[in-house]
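>>> The sequence and its predicted three-dimensional model are supplied below.
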Amino acid sequence: MIVLVFVEQSPSGIEDLSLQALAFGRTVAAQLGVATKAVVAGEPSPPTISHLSKNGIGEAFSIQSDQLSGYVPRGIARGVSSALSASGDAAVIAVGSEHGNEVMAHLAAMLDQPLAADVLSFSAGSPATVTRSRWGGSLIEHAELVGAPLLMTVAAHAIAAGEVSHVDPKVTVVAPDLTELDTAVNATIEQVKGSSSISLADAKVVVSGGRGVGGSEGFAVLEELAALLGGTVGCSRVVTSAGWRPHTDQVGQTGTKVSPDLYIACGISGATQHLAGCRTSKTMLVINNDPEASIMAHADYAVIGDLHTVLPAIVAEVRKS
């Protein structure tokens with residue numbers, strides 16, 4: 001019996017949010033008295049192997065098939081299911097990202113088991129219990145979870161990633177038997193032209209714009225500031241609805257949930273939907289000409305003024321440093 005953690009790869013190794021899922025997996029495994037293993041789509045890169053080693057993963061499963069080029073969610077879920085069949089199962093965990101939730105939903109349907117999404121904490125027992133975030137964090141639910149295996153996605157930033165004793169991981173190749181239905185959806189992942197190479201979910205600094213930016217051209221100074229601070233650009237839902245920025249930049253309940261060291265909100269009123277995506281930011285700086293804007297109640301620092309004047313001044317000061 002094991003706890004199996006589905007991890008997502010990036011060019012630098014395992015995605016930061018998946019490292020959090022590994023940390024959560026270790027806490028679940030400790031309560032259940034079983035080992036923690038990992039499963040990854042494709043061949044693990046050397047940086048991924050290094051991350052597995054630093055996280056105490058003695059064995060990892062590599063899902064490999066010529067039919068799994070690109071992002072094939074149901075096919076990947078079939079591979080995770082095959083890894084379970086080979087190793088025994090206590091629980092399967094992934095991060096509550098768009099990909100993690102989608103793959104786990106397919107896996108739950110295949111296994112005919114319930115899935116607890118956006119879990120914040122877990123307690124072993126008969127039955128096991130979970131605490132999870134609902135409605136964008138406005139509701140915390142305590143629920144019983146019954147399943148064989150237990151299926152969970154862990155809420156982003158609910159647990160800190162951390163290294164443990166290093167091991168030399170063994171990689172076992174899993175070649176799933178895929179049906180035509182398993183590969184019916186195949187998304188080719190491309191970076192949006194002009195966007196930052198830093199993942200919005202992983203960024204330490206996010207400079208986010210709302211309606212007050214005024215248009216797509218107004219984001220140039222936000223991009224400049226983000227680049228100077230080593231961060232990336234986000235936006236509110238009204239911005240994506242207007243077509244000023246792609247949906248991949250949206251922060252909020254129906255976008256990406258972020259937890260950067262610094263969140264700079266420019267011209268954002270602070271709707272509940274948006275705050276659900278950034279409320280866990282370590283420090284929030286708000287730039288807005290409306291002192292009564294809802295987001296002001298969540299600001300650590302606030303500048304009351306025209307962002308088109310304030311931001312160029314900040315950029316100038318940062319360039320001097």
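Thanks, I have it. Numbering: from 1, shown residues only.

>>> okay, CA-based contacts and neighbour counts for the rest of this
Noted.

>>> ok, Phe24 touching Ile159?
Yes. With contact defined as Cα atoms under 8 Å, Phe24 reaches Ile159; the gap is 6.6 Å.

>>> In terms of neighbours, single out the busier of these two.
Phe24 (28 against 17; other Cα atoms under 10 Å).

>>> What separation do you get for Gly277 and Ala109?
28 Å (Cα to Cα, to the nearest Å).

>>> and these two? which has more neighbours close in?
Under the criterion of other Cα under 10 Å, the comparison of Gly277 against Ala109 puts Gly277 first, with 23 against 12.

>>> on contacts alone, who are the packing partners of the lengthiest strand in the chain?
Counting residues, the longest strand in the chain under DSSP state E turns out to be strand 115-123. Applying 3 or more Cα pairs under 8 Å, 6 or more residues apart in numbering; DSSP states H and E, we find strand 115-123 packed against helix 16-32, helix 98-111, strand 128-134, strand 150-154.

>>> In the stretch 101-250 of the chain, where is pLDDT below threshold?
Along the stretch 101-250 of the chain, segments meeting pLDDT under 70 span 136-138, 189-197.

>>> one step back: of all the helices and strands packed on strand 115-123, which lies closest to Thr179?
helix 98-111 (12.7 Å; Cα to Cα).

>>> Phi, psi for the nearest residue in space to Gly58 that is not next to it in sequence please.
Closest residue to Gly58 apart from its sequence neighbours, by Cα to Cα, 6 or more residues apart in numbering: Pro169 at 4.3 Å. When quoted as degrees, to the nearest 10, the phi and psi of Pro169 stand at phi -70, psi 140.

>>> What is the burial count for Pro169?
20.

>>> Touching, it and Leu52? I think so.
Yes. Contact criterion Cα under 8 Å: Pro169 and Leu52 qualify, at 6.8 Å.

>>> which residues do those two both contact?
Gly58 (Cα atoms under 8 Å, 6 or more residues apart in numbering).

>>> List the single closest residue to the residue nearest the centre of the chain in space, sequence neighbours excluded.
Centroid check for the chain by Cα atoms, centre = their mean gives Ser97 as the closest residue, at 4.1 Å. Nearest non-adjacent residue to Ser97, counting by Cα to Cα, 6+ apart: Ala156, 7.2 Å away.

>>> residues contacting the one you found?
Contacts of Ala156 (Cα under 8 Å, 6+ apart): 17, 20, 95-97, 118, 257-258.

>>> contacting residues around the closest residue to Pro114 other than its chain neighbours?
Distances taken as Cα to Cα, 6+ apart put Ala108 closest to Pro114, at 6.1 Å, once the chain neighbours are dropped. Shown in contact with Ala108 (Cα under 8 Å, 6+ apart): 114-115, 151.
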